[in-house]
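>>> the sequence and its predicted three-dimensional model are supplied below.
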Amino acid sequence: PAPVPQVGTNLTDLRLPRRVTVRELGGCMGPIWPSYYSECSALLFVVDASNPTQVSSSCIQLLSVLSAAPLASVPVLVLFNKIDLPCYMSLVEMKSLFRMQDIVSCATQPITMLETSARDGTGLADVLQWLRTALKDPS
């Protein structure tokens, strides 16, 4: 089945090896995101790399998140997802469209970027390793 955009919120527990709770909030939930910022230790911002029409709104949302005071020192991982689809934009293209070099140079928090495919698992090991490092969890 084709993946569908996240609507609402999901909670998932991971063991890294300590237990970490991941709260997934869909893009349409943007207005309530700030209510969760104070309990955030690391941020994963997922972008649909197969949908160029969403780039500008995703970029605006990312800038809004990065400028939120409670997230000023929270490590950020920007995931360019859906790289398994034939129409995906490469990491170089996405970095250019998002002007990631400018965003990273102005941001107060450390920002990492990875390509992933939630469907086939590409990049998942790198995401888990980033989480372990960001949360200072012994691996």
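Looks like it arrived, so ask away. Computed from a predicted model, the values in this text were never measured in an experiment.
>>> checking Asp13 next. Helix, strand or coil?
strand (DSSP: H, G, I helix; E, B strand; the rest coil).
>>> might one say that Tyr88 is in contact with Val47?
No: in this structure, Tyr88 is not within contact of Val47 by Cβ atoms under 8 Å, at 10.6 Å. The way it works is simple: take the backbone N, C-alpha and C, and place the C-beta from them, glycine included.
>>> now do the helix or strand that contains Phe45: which elements does it pack against?
For Phe45, the host element (DSSP states H and E) is strand 43-48. With contacts taken as 3 or more Cβ pairs under 8 Å, 6 or more residues apart in numbering; DSSP states H and E, strand 43-48 sits against helix 55-66, strand 76-81.
>>> between those, which has the poorest average model confidence?
Lowest mean pLDDT within the helices and strands packed on strand 43-48: helix 55-66, at a mean of 92.
>>> output it as CSV, nothing but the C-alphas.
Output of helix 55-66 as CSV, limited to C-alpha atoms (Å, rounded to 0.1, in the frame of the first residue of the first chain):
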residue,chain,number,x,y,z
VAL,A,55,9.1,22.1,-0.1
SER,A,56,8.2,25.7,0.7
SER,A,57,5.7,24.8,3.4
SER,A,58,8.1,22.3,4.9
CYS,A,59,10.9,24.8,4.9
ILE,A,60,8.7,27.4,6.7
GLN,A,61,7.7,24.8,9.3
LEU,A,62,11.4,23.8,9.8
LEU,A,63,12.4,27.5,10.3
SER,A,64,9.5,27.9,12.8
VAL,A,65,10.7,24.9,14.8
LEU,A,66,14.3,26.0,14.7
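>>> related to what we said a few turns ago, got the contact list for the strand holding Phe45?
Applying Cβ atoms under 8 Å, 6 or more residues apart in numbering, the contact partners of strand 43-48 are 5, 22, 54-55, 58, 61-62, 65, 71, 74-82, 94, 98, 127, 131.
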